[in-house]
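Undergrad: Build me a model:
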Amino acid sequence: MKKLGNDNIIYKKGNGIEYLQFKRLLEHGIKHAYTLKGEGINFRTNSVEEKDSYQKIFDAIGLDMKTFVKPLQRHTDNVRCIDHVMDREELKETDGLITDKENIALVTTNADCILFSFYDPVKKVIANVHSGWRGTFQKIAEKAAIKMINYYRCNPEDIEVFIWPSIRKCHFEVDRDVKELCEEIFAFTGRTKDFIQEGLVKDGKQKYLIDTILINKILLTDLGLKEENIYDCEICSVCSGDKIASYRVEGKGFKLATSVISL
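TA: Reported below is the predicted structural model:
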């Protein structure tokens, strides 16, 4: 298999499933994973493969399914603090989870959207955040970090952020309306030219490329997180669509990947 990503991550295979892990989180002893494509692997809610897929990844990294906590993601900016195992129906309209409790596995899914894992090794707090472009425009990753700071007394300089595979600027192509909305929301950064680029003209329409990863990095570092504490796997889900779940590659029958993290 061709090498995926950079030296921040490692590839693993076992228990009938392939997945990625961040070296830094392994150094901290944090159980976590991001799943790759595989035969019979699909984390879409109510798909025939869902239950078995979760069992495989939980077994692979040594977690109990009784600790499973996953929101019903709806591209919101809602982040919930979790102190006990909850079912999905209790987590409607939620796209981010935070906990300082052991025996709780925070779970999110994606197929191009950004998934962030957060960890504060001092306060022992983790978070798992789903942020598509709508979530990014609503600043959900920043809001999760703020909640870690305000609710759990985390020092922003201690918080480490881990960015899993997602669609990158090379393929996140939008029309003028989304580009102008992006400019309006993030004008305060003074850096819109850094993360919005003119793309190709298609069917007589000018397209634009947006770097949502950079937007989030700017928001987080402006909050006080250290740039060196943001670990990005640098994998584009579209460029690596043979191994990474991607709506833009697969179309209507797309499958979902999952990110899992637990203290």
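Undergrad: show me where the stretch 1-150 of the chain has helices.
TA: 23-27, 50-61, 133-137, 140-152 (DSSP state H, counting those that start in this stretch).
Undergrad: between those helices, which gets nearest to G199?
TA: helix 133-137 (14.9 Å; Cβ to Cβ). All C-beta atoms are positioned from the backbone trio N, CA, C, and that covers glycine.
Undergrad: So which bits of the closest one are buried?
TA: Within helix 133-137, the residues that count as buried by 16 or more other Cβ atoms under 10 Å are W133, G135, T136, F137.
Undergrad: Per-residue pLDDT of the second one, please?
TA: G135 is assigned a predicted lDDT (pLDDT) of 98.
Undergrad: so how far is G253 from it?
TA: Computed as Cβ to Cβ, to the nearest Å, the G135 to G253 distance reads 24 Å.
Undergrad: ok, now E157?
TA: Between E157 and G253 the distance is 44 Å, computed by Cβ to Cβ.
Undergrad: what about those two, which has more around it?
TA: Between E157 and G253, counted using other Cβ atoms under 10 Å, E157 has the larger neighbour count: 11 against 8.
Undergrad: Touching, that one and L223? I think so.
TA: No - shown here, E157 and L223 do not form a contact pair, counting by Cβ atoms under 8 Å, at 10.4 Å.
Undergrad: give me the low-pLDDT residue ranges for this structure?
TA: For the chain, the stretches with pLDDT under 70 are 1.
Undergrad: Give the residue farthest from the middle of it.
TA: G204 (33.7 Å; Cα atoms, centre = their mean).
Undergrad: could you pull out the strands for the stretch 151-263 of the chain?
TA: 160-163, 173-174, 196-202, 205-210, 230-232, 257-262 (DSSP state E, counting those that start in this stretch).
Undergrad: who does the shortest one pair up with?
TA: Using DSSP bridges, the neighbouring strands of strand 173-174 in the sheet come out as strand 205-210 (antiparallel).
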